[in-house]
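Asks: fold the following and give me the result.
(one chain, ligands or ions: 1)
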Amino acid sequence: MSASSLVEQAKCSAAIAAVDKNVLPSVRVLGIGSGSTVVYAVQRLVELKDQNKLNPDLVCVATSFQSKQLISDAGLRGVDLDDLPALDSEQRCFKSIDVTIDGADEVDSELNAIKGGGAAHLREKLVANASKKLVLIADYRKDSQTLGDKWDCGIPVEILPLAWRTIKRQIESLCPKSNISSTSTVAIPVSADSAADAFAFQSPRAELRQAVRKAGPVVTDNGNFILDVAVGKIHDPRRVEHLIKMIPGVIEVGLFSGIAKEAWFGNEDGSILCRTPRSEMKKHE
Ligand SMILES: O=C(CO)[C@H](O)[C@H](O)COP(=O)(O)O
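Replies: Reported below is the predicted structural model:
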């Protein structure tokens with residue numbers, strides 16, 4: 001089998017396993033992520049729907065234009081995030097989505113994730129944050145110990161177009177390039193008053209993401225630009241996320257720290273791994 005078929009098979013098997021385990025008839029509100037792996041999840045939902053295995057009142061919340069199209073093409077009922085009741089009266093919590101199934105660009109051992117390879121991470125994070133459970137699905141290339149081990153395209157950062165050069169400069173000046181070599185890892189104090197406020201960070205390089213088959217930059221579903229910020233290995237994703245998010249004009253950072261509850265990976269050999277934060281890997285057939 002070719003390498004690309006193996007990857008597709010791995011995406012598909014992870015998606016099917018995650019949907020079967022998580023989209024039970026009790027699920028009434030389902031978040032649908034974005035990207036190529038999610039396509040397989042939606043295909044599985046159609047099969048379950050045809051077998052009357054889904055909640056008859058199921059509604060789906062989209063995370064992008066693509067996801068909205070997937071939902072409607074599958075004959076599933078879509079609903080806007082803001083049209084959901086703010087409070088789940090049964091469980092008395094403010095998470096109105098039961099489960100969200102989404103892809104990822106890289107997932108570390110704690111299930112922190114890089115997302116936004118498809119430039120959809122702003123709405124993906126809104127939906128994930130409103131979900132009782134975020135389940136990630138991916139192929140074996142995304143499964144890593146530390147963010148930055150495998151994904152080398154940088155952290156996607158959605159920004160306000162009118163100040164893109166200023167924001168780029170400010171991100172790059174989080175750690176002046178002149179201070180370090182391209183391979184070194186240095187400690188950057190994020191606040192002057194505490195030595196503990198330091199984290200490993202490589203020289204950030206922020207590139208404006210360019211469109212394919214369209215002249216100029218990628219424009220997100222929200223009308224914004226994307227900077228891909230290369231920082232090397234990310235040992236403290238929450239810190240990095242907060243540091244970048246503090247820059248005025250940054251709308252959302254494609255780091256999902258401590259949000260996902262479960263991640264499913266399809267392997268090259270056809271097996272599937274399910275991971276939870278800090279857990280041992282569980283092998284499924
Ligand atoms: O975050 C995303 C889009 O913003 C995607 O979920 C992520 O890029 C993974 O995509 P794929 O399943 O195509 O590998």
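Asks: contacts for the host helix or strand of residue 243?
Replies: Element membership for residue 243, per DSSP states H and E: helix 237-245. For helix 237-245, contacts defined as Cβ atoms under 8 Å, 6 or more residues apart in numbering pick out 108, 112, 147, 155, 157, 171, 174, 190, 199, 201, 229, 231, 234, 250, 252-253, 255, 257-258. Glycine gets a C-beta too; all of them are placed from N, C-alpha and C.
Asks: now with 6 Å, please.
Replies: 112, 147, 157, 190, 199, 234, 250, 253, 255, 257 (Cβ atoms under 6 Å, 6 or more residues apart in numbering).
Asks: so where is the stretch 51-200 of the chain shaky, pLDDT-wise?
Replies: 86-93, 175-200 (pLDDT under 70).
Asks: ranges for the helices of it?
Replies: Using DSSP state H, counting those that start in this stretch, the helices of the stretch 51-200 of the chain run over residues 65-73, 121-129, 164-172.
Asks: ok, back up a step: run the chain-centre distance for the helix holding residue 243.
Replies: Centroid separation between helix 237-245 and its chain, computed with Cα atoms, centre = their mean, to the nearest Å, is 15 Å.
Asks: next, the angle from that helix to helix 164-172.
Replies: 140 degrees (axes from the mean of the first three to the mean of the last three Cα atoms, to 10 degrees).
Asks: would you mark the buried spots in helix 237-245?
Replies: 237, 239-241, 243-244 (16 or more other Cβ atoms under 10 Å).
Asks: repeat for stretch 261-279
Replies: Of the residues in stretch 261-279, those buried (16+ other Cβ under 10 Å) are 261-267, 272-275.
Asks: can you check stretch 210-228 too?
Replies: Result for stretch 210-228 [16+ other Cβ under 10 Å]: buried residues 217-218, 220-221, 224-228.
Asks: show me the residues you listed that map onto strands.
Replies: Using DSSP state E, 225-228 are the members of those that sit in strands.
Asks: beta partners of residue 30?
Replies: residue 60, residue 99 (DSSP bridges).
Asks: that one reaches residue 60, doesn't it?
Replies: Yes: because the distance of 5.0 Å satisfies Cβ atoms under 6 Å, residue 30 is recorded as touching residue 60.
Asks: enumerate the residues of the stretch 151-285 of the chain near the ligand.
Replies: On the criterion Cβ under 6 Å from any ligand atom, the ligand has no neighbours in the stretch 151-285 of the chain.
Asks: which residues of the stretch 151-285 of the chain fall in strands?
Replies: Ranges of strands in the stretch 151-285 of the chain, per DSSP state E, counting those that start in this stretch, are 155-159, 186-189, 198-201, 205-208, 225-230, 250-253, 255-256, 262-266, 272-275, 282-284.
Asks: so which of residue 30 and residue 60 has more stuff around it?
Replies: residue 30 (25 against 22; other Cβ atoms under 10 Å).
Asks: what about the more buried one, distance to the ligand?
Replies: 16 Å (Cβ to the nearest ligand atom, to the nearest Å).
Asks: how about the helices of the stretch 51-200 of the chain in JSON lines, adding mean neighbour count?
Replies: Formatted as JSON lines, the helices of the stretch 51-200 of the chain follow (neighbours: other Cβ atoms under 10 Å):
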{"stretch": "helix 65-73", "mean neighbour count": "18"}
{"stretch": "helix 121-129", "mean neighbour count": "23"}
{"stretch": "helix 164-172", "mean neighbour count": "17"}
